[in-house]
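1. sequence? don't have it. structure:
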């Protein structure tokens, strides 16, 4: 049994937040990166650990395989309380933490996929643009809800940066027009810049386009 984690990912994908948490927690890990396979068959090495042929995939030291970026992020943050990325069970902030982590995963992640891969969500090729435009409008609405909850911030839980903020920064970088988003919601811009400017994350975020 190894003491190391193995993260399967792709630059610019949901593996960005998982790699970020691994970096900040100091948990030992190896990274297996793939290029885009949208126009090709999925890499056999990925299919070996994920029937869905999706990243991220995290293989735990005991060989257990995890998928879903939110689940991986929540698990890693809980494993390393010293990093301060998650309120402990019993902490009054825990409920809010879980709510907004799952909000991004359940609401915003599917919306992003419809923006960038609209053809996957219709059997009518001529309808792909309509799927995308509806998703762009939906994404803007979802950010307005997030902004209302964020308030003065600077982070979702006030002055303490948690995994929510790391996860949100990744989603912000996927917006089709981040500058327009920032103009509408200065508090979201403030959160994004606080996270993206952390010295320990500079190189990692840049490799993922954040």
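-> Yes, it's here. Predicted model only: the values in this text are computed from it and were never measured.

2. show me where pLDDT drops low in the protein?
-> 1, 38-39 (pLDDT under 70).

3. ranges for the helices of it?
-> 15-25, 44-47, 69-79, 94-103, 109-116, 128-150, 163-173, 178-184, 186-196, 202-207 (DSSP state H).

4. and residue 58, which of the ones you listed is closest to it?
-> When those are compared by C-beta to C-beta, helix 69-79 sits nearest residue 58, at 4.8 Å. Where you see a C-beta, it was placed from the backbone N, CA and C, and this is true even at glycine.

5. between the closest one and helix 163-173, how many degrees?
-> 150 degrees (axes from the mean of the first three to the mean of the last three C-alpha atoms, to 10 degrees).

6. picking up where we left off before, now render the helices of the chain as a markdown table, adding distance to residue 34 and mean neighbour count.
-> Output for the helices of the chain, formatted as a markdown table (distance: least, C-beta to C-beta, whole Å; neighbours: other C-beta atoms under 10 Å):
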| stretch | distance to residue 34 | mean neighbour count |
| --- | --- | --- |
| helix 15-25 | 10 | 24 |
| helix 44-47 | 6 | 13 |
| helix 69-79 | 15 | 21 |
| helix 94-103 | 25 | 17 |
| helix 109-116 | 17 | 17 |
| helix 128-150 | 25 | 16 |
| helix 163-173 | 18 | 24 |
| helix 178-184 | 25 | 13 |
| helix 186-196 | 24 | 18 |
| helix 202-207 | 14 | 14 |
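
7. Of all the ones you listed, which one is nearest residue 55?
-> When these are ranked by distance to residue 55, counting by C-beta to C-beta, first place goes to helix 15-25 at 5.0 Å.

8. So what's the gap between the closest one and the chain middle?
-> Counting by C-alpha atoms, centre = their mean, to the nearest Å, helix 15-25 is centred 10 Å from the centre of its parent chain.

9. same check, this time on stretch 36-56
-> Between the centre of stretch 36-56 and the centre of its chain there are 18 Å (C-alpha atoms, centre = their mean).

10. now do stretch 94-101
-> Worked out by C-alpha atoms, centre = their mean, stretch 94-101 lies 15 Å from the chain centre.

11. Repeat that for stretch 4-15.
-> Offset of stretch 4-15 from its chain centre (C-alpha atoms, centre = their mean): 11 Å.

12. now do the same end-to-end measure for it.
-> Taking C-alpha to C-alpha, to the nearest Å, the first and last residues of stretch 4-15 lie 17 Å apart.

13. ok, and what's touching it?
-> 16, 18-19, 22, 27-36, 45-46, 49-50, 55-61, 69, 109, 170, 207-209 (C-beta atoms under 8 Å, 6 or more residues apart in numbering).

14. As CSV, the helices of the chain with distance to residue 86 would be great.
-> Compiled in CSV, these are given as follows (distance: least, C-beta to C-beta, whole Å):
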stretch, distance to residue 86
helix 15-25, 10
helix 44-47, 28
helix 69-79, 4
helix 94-103, 6
helix 109-116, 19
helix 128-150, 18
helix 163-173, 6
helix 178-184, 26
helix 186-196, 15
helix 202-207, 19
